[in-house]
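[1] the following block contains a protein sequence and its predicted model.
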Amino acid sequence: MKNKKQTYTALLLSINFIILISFINNYELKQLVKISSLLSYCFYFFLIYISISAFYFNKIIGLILFFSIFLLIPNISEAINGQLYPITYTVFICYLLLILGKNMFKNWKNNAGM
């Protein structure tokens, strides 16, 4: 049940992100149906789903991941166009490595007989 709730929440939030981006950039409806918009939708869905899962794991980490998604929105500032992408990627990679390390430790602990 929790997984379905996370999926539906991620779907709604990613649709809202695409609408927010189109509103900021003054896109028309034709541009929202292009394949690049569908790829962006899938990418935002994946990131939002990870951040919701992280929120259930640890609320602070989940909020950091969620707010780092806002750094991906283009045209936040013309002076820093494209310079904030690595921050989001680094934050998400660190979280995924944290989960991987936690699972590896749990596996090692169970197999070592501790």
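    Nice, thanks for sending it over.
[2] can you pull the contacts of Ile69?
    Counting by C-beta atoms under 8 Å, 6 or more residues apart in numbering, Ile69 makes contact with 17, 44, 47-48, 51, 88. (Each C-beta comes from the backbone N, C-alpha and C, glycine too.)
[3] where is pLDDT lowest across those?
    Ranked by pLDDT, the contacts of Ile69 bottom out at Phe17 (75).
[4] pretty sure that one contacts Phe46?
    No - if you go by C-beta atoms under 8 Å, Phe17 and Phe46 don't touch, sitting 11.8 Å apart.
[5] higher neighbour count, these two?
    Phe17 (21 against 13; other C-beta atoms under 10 Å).
[6] as a check, name the ranges of all helices in the protein.
    Ranges of helices within the chain are 2-25, 29-32, 35-57, 59-69, 85-111, based on DSSP state H.
[7] now the first one against helix 35-57, angle please.
    Orientation of helix 2-25 against helix 35-57 (axes from the mean of the first three to the mean of the last three C-alpha atoms, to 10 degrees) gives an angle of 130 degrees.
[8] helix 2-25 to helix 59-69, inter-axis angle?
    Using the same axes, to 10 degrees: helix 2-25 against helix 59-69 is 30 degrees.
[9] on contacts alone, who are the packing partners of helix 2-25?
    helix 29-32, helix 35-57 (3 or more C-beta pairs under 8 Å, 6 or more residues apart in numbering; DSSP states H and E).
[10] show me what contacts the residue nearest to the spatial centre of the chain?
    Nearest to the geometric centre of the chain sits Leu47, at 2.0 Å (C-alpha atoms, centre = their mean). Neighbouring residues of Leu47 by C-beta under 8 Å, 6+ apart: 65, 69, 72, 88, 92.
[11] repeat that for Thr9.
    The neighbours of Thr9, taking C-beta under 8 Å, 6+ apart as the test, are 48, 52.
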